[in-house]
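Novice: What follows is a predicted protein model with its sequence.
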Amino acid sequence: MKTIVIVVFSIILLAGAFLLGGYYYLRHRLQRLITLKYAVVGPLIKKLAARETVTRTEILFMVQDPSLRHAVYRVLEAYNQSDLFPLEFFTIEKGAESFLVTWLEFPTELGRAPHEIELYTTVDLNEREDQTYYVFKYRMTGDHWAAENNWMLGVAGPYDSESLPYDTPRRIFSRFYSVDRISARGEVQWVHENI
């Protein structure tokens, strides 16, 4: 009996250590990600707070990176400067892409932004109201674990006729399935029903 208690206690301690180690690993990765993003957006915040002039060129440089795009829009909005946001990036497609990339780079997902991403298609679900999902294909290259999947599908939505470009979508997800494994409509249906 004493041996069983020792074994069970040891397993609990090992599981706890594993979970705690995983927590600290994720926390470290997330802090690193936030630090990297702030290194780019921080100077913009400081300039806006000091009421210094911000040029459209500075903003354009930042919003070309989808992982920064919605954060830059929110910062400009907070300082009543959203008119500086480039119009070519003020679309639902560009907003959905930004939210998906931010989700993908989270440490429990891809752990970094995809190397390439592009709009694959949109899928409309007509239930109670018009619901449009944006489906993107993206891929990783090099030695990343997802590089073997080639192009994969990711979903953001739903958006309706009253949605604004940087409204946060209710569903953002990817199962890391390649485009030849599932249809865009099938992936949207799964995300809509399960997320």
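Specialist: Yep, that arrived.
Novice: the domain parsing of the chain - what is it?
Specialist: 28-90, 112-194 (automatic domain parsing).
Novice: in the protein, which helix or strand is least confident?
Specialist: Every helix and strand of the chain was ranked by mean pLDDT, DSSP states H and E. The lowest is helix 2-49, at a mean of 62.
Novice: coming back round to it: most tightly packed of the domains of the chain?
Specialist: Most buried of those, by mean neighbour count (mean count of other CB atoms under 10 Å): domain 112-194, with a mean of 17. Glycine gets a C-beta too; all of them are placed from N, C-alpha and C.
Novice: Could you list the low-pLDDT ranges of the protein?
Specialist: Scanning the chain with the threshold set as pLDDT under 70 gives 1-26, 28-30, 33-34, 127-129.
Novice: Could I get the full set of helices for it?
Specialist: Using DSSP state H, the helices of the chain run over 2-49, 56-63, 66-78, 92-104, 184-194.
Novice: Dump the domains of the chain to TSV, plus distance to residue 105.
Specialist: Putting the domains of the chain into TSV (distance: least, CB to CB, whole Å) gives the following:
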stretch	distance to residue 105
domain 28-90	6
domain 112-194	5
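Novice: what's the distance between the closest residue to residue 72 other than its chain neighbours and residue 193?
Specialist: In this structure, residue 72 finds its nearest non-sequential neighbour in residue 62, 4.9 Å apart by CB to CB, 6 or more residues apart in numbering. For residue 62, the distance to residue 193 equals 36 Å [CB to CB, to the nearest Å].
Novice: Report the contact partners of residue 126.
Specialist: Listed by CB atoms under 8 Å, 6 or more residues apart in numbering, the contact set of residue 126 is empty.
Novice: Repeat that for residue 184.
Specialist: Applying CB under 8 Å, 6+ apart, we find residue 184 in contact with 120-121, 123, 135, 153.
Novice: ok, 6 Å please
Specialist: Residues counted as contacts of residue 184 (CB atoms under 6 Å, 6 or more residues apart in numbering) are 120-121, 123, 135.
Novice: of those, closest to residue 31?
Specialist: Nearest to residue 31 among the contacts of residue 184, counting by CB to CB, is residue 135 at 31.4 Å.
Novice: Contact partners for the closest one?
Specialist: With contacts defined as CB under 6 Å, 6+ apart, residue 135 is in contact with 120-121, 123, 153, 155, 184.
Novice: Let me have those in a markdown table, extended by distance to residue 110.
Specialist: A markdown table is the format used below for the contacts of residue 135 (distance: CB to CB, whole Å):
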| residue | distance to residue 110 |
| --- | --- |
| 120 | 17 |
| 121 | 21 |
| 123 | 22 |
| 153 | 13 |
| 155 | 15 |
| 184 | 19 |
